[in-house]
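K.L.:
For reference, the sequence and a predicted model appear below.
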Amino acid sequence: MDESLRERVMVRLERCVGCRSCELACRVAHSQSGTLWGAVMEEPKPRRRIFVEQAAESPAPFLCRHCEDAPCVRCCPTGALRFDETSGLVAYAVDRCIGCHACVMACPFGVVQPGRGDLFVVKCDRCEGRDRPACVEACPTRALVLETAFLVDRRRRAVGRFVEAARLDISEADLMAAGSAQSP
Ligand code: SF4
Ligand code: SF4
């Protein structure tokens, strides 16, 4: 797959109100029944793969970034975690996992959790098989959005231009004029 078309879940921190709808939707999506009532009644309870934490003054959702050079992949001794070039996801193969939990310690974002029973590790699979991840669908404020790498890079470049313009004291009108002159 063209790398620029790979999708990622992006977090827009300023929009998160800390309602935890994403956590609930994640649990339901990873329950055996796939329904809210079924998930509530299930034992053991389905685990979430997204974590809404209080960061400074505001809530912030943390979830797997499916890093291309992932520390969890690098430290996995059996290849149970690997970056899939086609999907752009860090995939987990439970049948190769020995439960050493090196990945739990290696992830800098703390989003791989020790599992229970036969499932040694609990990690985001970006709701494989669904068009959009459950957390993205459930977020009422669109603090979580699915975007292609192309759009993410374009946004980053635009923000970079505005920051540079502010540093050089260039007016917004001049910046926009320069931008349209560069557009095809
Ligand atoms: S579990 Fe952590 S280190 Fe591994 S891909 Fe996800 S964010 Fe990156
Ligand atoms: S559902 Fe959206 S607004 Fe609610 S906690 Fe999750 S990210 Fe924040």
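P.N.:
Alright, I've got the coordinates. Ligands and ions are numbered 1, 2, ... in the order given.

K.L.:
count of neighbours near the residue found closest to residue 109 once you drop the neighbours it is linked to in the chain?
P.N.:
Spatial nearest neighbour of residue 109, chain neighbours left out: residue 62 (5.7 Å); criterion: C-beta to C-beta, 6 or more residues apart in numbering. The way it works is simple: take the backbone N, C-alpha and C, and place the C-beta from them, glycine included. Residues contacting residue 62 under the criterion other C-beta atoms under 10 Å number 15.

K.L.:
And for residue 15?
P.N.:
13.

K.L.:
which bits of this structure sit near ligand 1?
P.N.:
64-67, 70-72, 90, 107, 109, 111-112, 123 (C-beta under 6 Å from any ligand atom).

K.L.:
returning to what we had before: verify the stated contact: the residue nearest to residue 109 with residue 54.
P.N.:
No. With contacts counted by C-beta atoms under 8 Å, residue 62 stays clear of residue 54, the gap being 11.3 Å.

K.L.:
returning to that earlier point: I'd like to know which of the residues of the chain next to ligand 1 are buried.
P.N.:
64-66, 70-72, 90, 107, 111-112, 123 (16 or more other C-beta atoms under 10 Å).

K.L.:
got JSON lines for those, with pLDDT and distance to residue 138 too?
P.N.:
Formatted as JSON lines, those follow (pLDDT from 0 to 100; distance: C-beta to C-beta, whole Å):
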{"residue": "64", "pLDDT": "97", "distance to residue 138": "17"}
{"residue": "65", "pLDDT": "94", "distance to residue 138": "19"}
{"residue": "66", "pLDDT": "95", "distance to residue 138": "19"}
{"residue": "70", "pLDDT": "96", "distance to residue 138": "26"}
{"residue": "71", "pLDDT": "97", "distance to residue 138": "28"}
{"residue": "72", "pLDDT": "98", "distance to residue 138": "25"}
{"residue": "90", "pLDDT": "96", "distance to residue 138": "22"}
{"residue": "107", "pLDDT": "97", "distance to residue 138": "23"}
{"residue": "111", "pLDDT": "97", "distance to residue 138": "18"}
{"residue": "112", "pLDDT": "96", "distance to residue 138": "22"}
{"residue": "123", "pLDDT": "95", "distance to residue 138": "19"}
